[in-house]
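>>> Here is the input, now give the coordinates:
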Amino acid sequence: MNRKKPTYLQQRKPKETVNKKLIIGTSSVFAAIVIIMILLFIFNK
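Now for the predicted structure:
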């Protein structure tokens, strides 16, 4: 059990970092889309 736990943690860490990068990427893209939509509404008015 003690030998399996560190390998499991090592396998899990890169997945968490990838998930964080994906969350940051998707949130930045979503924020950019929201800003573009707001700018379009302002210019249309």
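>>> What's the per-residue pLDDT of residue 15 here?
Listed pLDDT for residue 15 reads 69.
>>> I meant residue 12, not that one.
At residue 12, the pLDDT recorded in the model is 61.
>>> cool, and residue 6?
55.
>>> what's the average pLDDT for stretch 35-45?
Averaged over stretch 35-45, pLDDT sits at 93.
>>> Stretch 18-25 too?
Here stretch 18-25 scores 85 as its mean pLDDT.
>>> got the buried residues for it?
Buried residues in stretch 18-25, counted by 16 or more other C-beta atoms under 10 Å: none are found. Quick note: C-beta positions are derived from backbone N, CA and C, even for glycine.
>>> okay, it in CSV with CA atoms only?
Coordinates of the C-alpha atoms in stretch 18-25 are reproduced here as CSV (Å, rounded to 0.1, in the frame of the first residue of the first chain):
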residue,chain,number,x,y,z
VAL,A,18,-3.3,20.1,-16.8
ASN,A,19,-6.9,20.7,-15.4
LYS,A,20,-5.8,24.0,-13.9
LYS,A,21,-4.3,25.1,-17.3
LEU,A,22,-7.5,24.1,-19.1
ILE,A,23,-9.6,26.0,-16.6
ILE,A,24,-7.4,29.1,-16.9
GLY,A,25,-7.5,28.8,-20.7
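>>> hmm, who's touching that stretch?
Residues from elsewhere that reach stretch 18-25 (C-beta atoms under 8 Å, 6 or more residues apart in numbering): none.
>>> now residue 16: how far from residue 24?
13 Å (C-beta to C-beta, to the nearest Å).
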